[in-house]
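Student: just the structure for this:
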Amino acid sequence: MKVVVIGGVAGGPSFATRLRRLNEEHEIIIYERGEHISYASCALPYYLGDVIEDRDTLIERTPEILKVKNNIDVFTKHEVTKIDPSTKRLTVKNLETNEETETSYDKLIISAGARPAYPEIPGVSEAENGFVLRSVTDADRIKAFMEKEQPQSVVILGAGVMGLELAENFKHRKMAVTLIDQLPQVAFPYDPEIADLIYDKLIEKGLTVHLSTKVTEIRQNGKELLLSDGSILHTDMLVFAVGVSPNNEVVEAAGITLSENGQIIVDDQLRTNLPDVYAIGDIIETTSVVTGQPISSMLSSAANRQGHMLADMLNGTPMRYRGYIGAGVGKIFDYTASYAGMTEHALQAAGITNYKTIFITPFDHAYFYPGATRLNLKLIFDADTGRILGGQAVGEKGVDKRMGELSVAITGNLTVFDLPDLELPYSPPYSTTRDPLNIAGYVAINQMTNVVETIKASDIPENDLMQAFFLDIREPNKAPSGSIPATKNIPMNELRDRINEIPKDKKVYITFRKGLNTYTSARILAGFGIKAVLIEE
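Tutor: Numbering: from 1, shown residues only. Got it, this is the predicted structure:
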């Protein structure tokens, strides 16, 4: 059987090498239009920041290695320009010689990925100092520019995860870094509770951040930017991190069914609508494990796993691809931000509103062991069943492992009622006796069973803002927090002695404060017959 793969990097080589390990008889060919077949794309920002100094370590496999070790024929700088499903033939163009040839396939695997999107801004095509980052070749261009021009400042358009990783690494090179995003927050699709903490970290590290702002014109070959607020920025270098578009032109012409976003629709066997044609990686739309709705699959880790699984399925293993959860992590200076499953942004975009959230800030390990810091963790769950829909966290330590564990919980279809039962490793340097995920379960169960009631600050009725009693339970030496002004400050430890100062004829809210004290305060008040609502920010 002749198996042809379109595209390298993560999914294509993962599929091809796994298939070869399963079967020595197949003829396996990979066509990649770029210069490199397999490289660590997620490491490229760290290479630009000189954190990773050896470029060769980015190249994971070469065509020569794949031929010698795996008997796989690899053709880089070769682009498949036509797919004829009726004859099972491909037209392939050598991008160095422009020569076109034809070849056949028995099975075709499309792992063509996506390309960086350029924003539609007047002057963008004349920006001689403007770059995107998707491949080693892109990184080489940026490196060459920096070595020649020695830029002292950089503007990054897009404050998503890629933009933030680039920002940190350019800052590591002692450059002045400015981030611009048209959204009102950084780090989309993280929710505001997490994004606000990331924003604070960026400001702490000396970055300039413009939110709810667009670049309306690029001037002077990329060195001058006109912003939507009328201000003008000058920069030595410009990097576009505004998203990607699927490489779908050839597959669309072949009659492969695409989603509204231009991605290939696949089933649980990763099959397209055409016989013997499969697809994996950034170019596909699959199904969300959480919602059952269509969802993009845009992580290299997902592409790698899909490729491995597809090889097993083509070799006869009775498996099916259950879909995409979405689990990611990013380094932002001394913070780690991570997520698993759906964010509120994603749920609302999917039309799902029947959910609850909790936000907790436990220590990442035992408070008495040196170095303990707060872990800011948000959990989202179904309001009726408690089924876990997603979670996000940001902090200095232990963030990724909690989200990894939460991804496993989502895979197992667990609910918040299961979280207290998770038996997670404990030792003072690594965790708390009740792990943050256990604590998240307790707090979520309190909500599910109406032991406590919470409300987002933005959802407080206008009438309550005017007439309710807002209790601040902070200690005198603590700074105020939250956006709602307090009616009165009574420290938690004084509540029992000063209970008569809290009215029983008004609705009582406890203003936002991180930690366990707000919950404890609500339970103290409940013991005196006063129901208090906790405010979330």
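Student: mind listing the helices for the stretch 101-250 of the chain?
Tutor: 136-149, 161-172, 192-204, 249-253 (DSSP state H, counting those that start in this stretch).
Student: comparing those, which comes out most buried?
Tutor: helix 161-172 (a mean of 23; mean count of other Cβ atoms under 10 Å). No exception for glycine: its C-beta is placed from N, CA and C like everyone else's.
Student: report the mean confidence score over it.
Tutor: Helix 161-172 shows a mean pLDDT of 97 in the predicted model.
Student: still on that earlier bit, columns distance to Ser427 on top of the helices of the stretch 101-250 of the chain, output as JSON lines?
Tutor: Converted to JSON lines, these look like this (distance: least, Cβ to Cβ, whole Å):
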{"stretch": "helix 136-149", "distance to Ser427": "40"}
{"stretch": "helix 161-172", "distance to Ser427": "30"}
{"stretch": "helix 192-204", "distance to Ser427": "27"}
{"stretch": "helix 249-253", "distance to Ser427": "51"}
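Student: looking at the ones you listed, which is closest to Arg305?
Tutor: helix 161-172 (19.6 Å; Cβ to Cβ).
Student: out of the helices of the stretch 101-250 of the chain, flag the one nearest Lys82.
Tutor: Closest among those, once you apply Cβ to Cβ, is helix 249-253, at 6.7 Å.
Student: so how far is the closest one off the chain centroid?
Tutor: Going by Cα atoms, centre = their mean, to the nearest Å, the spacing between the C-alpha centre of helix 249-253 and its chain's C-alpha centre is 28 Å.
Student: who does it touch, helix- and strand-wise?
Tutor: Applying 3 or more Cβ pairs under 8 Å, 6 or more residues apart in numbering; DSSP states H and E, we find helix 249-253 packed against strand 78-84.
Student: and the strand it packs on, which residues are buried?
Tutor: 78-80, 83 (16 or more other Cβ atoms under 10 Å).
Student: now do that strand: everything it contacts.
Tutor: Here strand 78-84 makes contact (Cβ atoms under 8 Å, 6 or more residues apart in numbering) with 6, 31-33, 90-95, 100, 108, 250-251, 253-254, 256, 277.
Student: again, only this time at 7 Å
Tutor: For strand 78-84, the surrounding residues in contact (Cβ atoms under 7 Å, 6 or more residues apart in numbering) are 6, 31-33, 90-95, 250-251, 254.
Student: ranking by neighbours, what's the top pick from those?
Tutor: Ile6 (28 neighbours; other Cβ atoms under 10 Å).
Student: hey, what's that residue bridged with?
Tutor: Tyr31, Ile110 (DSSP bridges).
Student: what does Asn376 show for phi and psi?
Tutor: The phi/psi pair for Asn376 (degrees, to the nearest 10) reads phi -90, psi 110.
Student: over to Lys223?
Tutor: phi -90, psi -10.
Student: ok, which stretches of the stretch 101-250 of the chain are strands?
Tutor: 107-110, 114-116, 130-131, 153-157, 176-180, 208-210, 215-219, 224-227, 232-234, 237-240, 244-246 (DSSP state E, counting those that start in this stretch).
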